[in-house]
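Asker: What would the 3D arrangement of this be:
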Amino acid sequence: MPKRERVMRMSVELPLWRALTAYRVLTMLYAVGLFATAYDRFVRPGLAIGYYVVLCGWTLATLPRVQNAAACTKRFLAVDLTVALTGILLTPLADAHQRIVEGGPTLPSIWTAGSVLAFAVKGGWRWAAFASTAVAVANLLERGAPARDTVHNVILVWVAAIAIGYVVEVARASERTLARALEIEAATRERERLARDIHDSVLQVLAMVQRRGAVIGGEAAELGRMAGEQEVALRTLVSGGLVPPSRVSEDGAEGAVVRTVEVPPAGGDGDGPVDLRALLAPFAAARVSLAEPGAPVPLPPAAARELAAAVGAALDNVRRHAGEGARAWILVEDEPDAVIVTVRDDGPGIPEGRLAQAEGEGRLGVAQSIRGRLRDLGGSAELVSTPGQGTEVELTVPKKDMTDARGKAGTR
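Answerer: All right, here's what the predicted structure looks like:
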């Protein structure tokens, strides 16, 4: 558990906040030092001193505000930028005009860049562009004309702030990906440990009951068959998991924070997606093998239920027409544009023309229970059968237009 907490609270931004804190203090001292060395050249040194008192007090009092993203609120950023802009605009009133013409520093000097960088680290390159633009306008107003040095400094701050903001956004995305990968790795290791423990105990007992029941016969054979079905279901559960909690990554006070989002139960009434694997897992049995992806296969609830019902109808046809001894295989494929479920058996197959004859006799199991369901979902059901080689039913549900399909399936 401590390791998981570290993963959820890791942050590549903390060094940036520490560096920003040191930068603000150092540049505050630098700005005061510049003023002290040119004190006798200021026309209104009292105005400058008043501003530096406010600047020093604000910088030292707000050091906790630049410790992390949570403390650095939008209101603080707005006031901080206002302090910087005010210092720039007060420069012509406090300093000599000749120094301004010669390209002398503004009252806050390079302390202003700290305010812009706070925008970049907090909100990314868009926030940085906004803050650097405001500083650029204030500098142009302070100079009165776009001098070469002024334009150079403005562009330098602009490019640097936007670049740092973009790097922060990329770092956050990488951090979230790494946090998710570490969580998956930890969950996989835990699942493997549980699988080993279950394999060494429960699964072996169920397998022994199945074998002994088949040898003894009678009621023991039925008990053995049930034990075999439970063994398959349990093995499927520990190997793939049914409905693992989904993880949603988001930016928080200390970097990438991963919170658990409950997935609606299989077949529930929630509006969120349902993992198709959870609905197909009960079909796994001693003679029915289920192969599924390792990741969830989300579908709208109504669509998932209809697809699972179509699979159940296909398996009913296997038991009814291929016999109790026939084996069946279910394959689930999650493609980028569709979900494909294939049901195959090793029965005798369907003679040519038998389906058409069954429909003519009014038996519409395949036509209604399988093809009708898929048609309402906007999908298709393809049936291929070769006498003596079994039957294969391929059910395809497109992922697009799921809203319309959900409404149609819900009216069945």
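
Asker: Does L20 touch S115 like I think?
Answerer: No. Here L20 lies out of contact with S115, judged by CB atoms under 8 Å, at a distance of 9.8 Å. All C-beta atoms are positioned from the backbone trio N, CA, C, and that covers glycine.

Asker: Looking at these two now, which is surrounded by more residues?
Answerer: Neighbours were tallied for L20 and for S115 using other CB atoms under 10 Å; the higher tally belongs to S115 (25 against 20).

Asker: what pLDDT does the more buried one get?
Answerer: pLDDT, the model's per-residue confidence, is 89 for S115.

Asker: start at 57 instead
Answerer: In the new count, where the first residue is 57, that last one comes out as S171.

Asker: What are the buried residues along the helix or strand hosting E198?
Answerer: Using DSSP states H and E, E198 falls within helix 181-199. For helix 181-199, the neighbour count (16 or more other CB atoms under 10 Å) marks 181, 183-185, 187-188, 190-192, 194-196, 198-199 as buried.

Asker: If you count contacts, what does that helix end up packed against?
Answerer: Using 3 or more CB pairs under 8 Å, 6 or more residues apart in numbering; DSSP states H and E as the contact definition, the elements that helix 181-199 packs against are helix 130-150, helix 167-179, helix 204-254.

Asker: Mind putting the ones you listed into JSON lines with distance to K456?
Answerer: Listed next are these as JSON lines, based on distance: least, CB to CB, whole Å:
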{"stretch": "helix 130-150", "distance to K456": "39"}
{"stretch": "helix 167-179", "distance to K456": "34"}
{"stretch": "helix 204-254", "distance to K456": "26"}
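
Asker: out of those helices, deepest packed?
Answerer: Counting by mean count of other CB atoms under 10 Å, helix 167-179 has the highest mean neighbour count of these, with a mean of 25.

Asker: mind checking pLDDT for the spatially closest residue to V81 that is not a sequence neighbour?
Answerer: Spatial nearest neighbour of V81, chain neighbours left out: T115 (6.6 Å); criterion: CB to CB, 6 or more residues apart in numbering. The confidence metric pLDDT takes the value 94 at T115.

Asker: Same question for A192.
Answerer: The predicted local confidence for A192 comes out at a pLDDT of 87.

Asker: how close does it sit to F186?
Answerer: Note on A192: its distance to F186, by CB to CB, to the nearest Å, is 11 Å.

Asker: one step back: surely the residue nearest to V81 and M84 touch.
Answerer: Yes. Taking CB under 8 Å as the contact criterion, T115 and M84 are neighbours in contact, 4.6 Å apart.

Asker: overlap in contacts of those two?
Answerer: Any residue near both T115 and M84 by CB atoms under 8 Å, 6 or more residues apart in numbering counts here, and that gives W167.

Asker: residue ranges of the strands in the stretch 357-468 of the chain, please?
Answerer: In order along the chain, the stretch 357-468 of the chain carries the following strands (DSSP state E, counting those that start in this stretch): 384-390, 394-401, 436-441, 447-454.

Asker: List of residues touching the last one?
Answerer: Strand 447-454 is contacted from outside by 355, 359, 363, 366-367, 370, 373-374, 378, 393-401, 403, 405-406, 426, 430, 433-441, 461, using CB under 8 Å, 6+ apart.

Asker: Lowest average pLDDT across the helices and strands packed on helix 181-199?
Answerer: Of all the helices and strands packed on helix 181-199, the minimum mean pLDDT falls on helix 204-254 (a mean of 77).

Asker: From the contact counts, what lies against that helix?
Answerer: Secondary structure elements in contact with helix 204-254, counted by 3+ CB pairs under 8 Å, 6+ apart, are helix 58-65, helix 167-179, helix 181-199, helix 275-296, strand 302-308, strand 311-317.

Asker: so what does the following helix or strand past it touch, helix or strand wise?
Answerer: Later in the chain than helix 204-254, the nearest helix or strand by DSSP H and E is helix 260-272. The criterion is 3+ CB pairs under 8 Å, 6+ apart, and the helices and strands that helix 260-272 contacts are helix 275-296.
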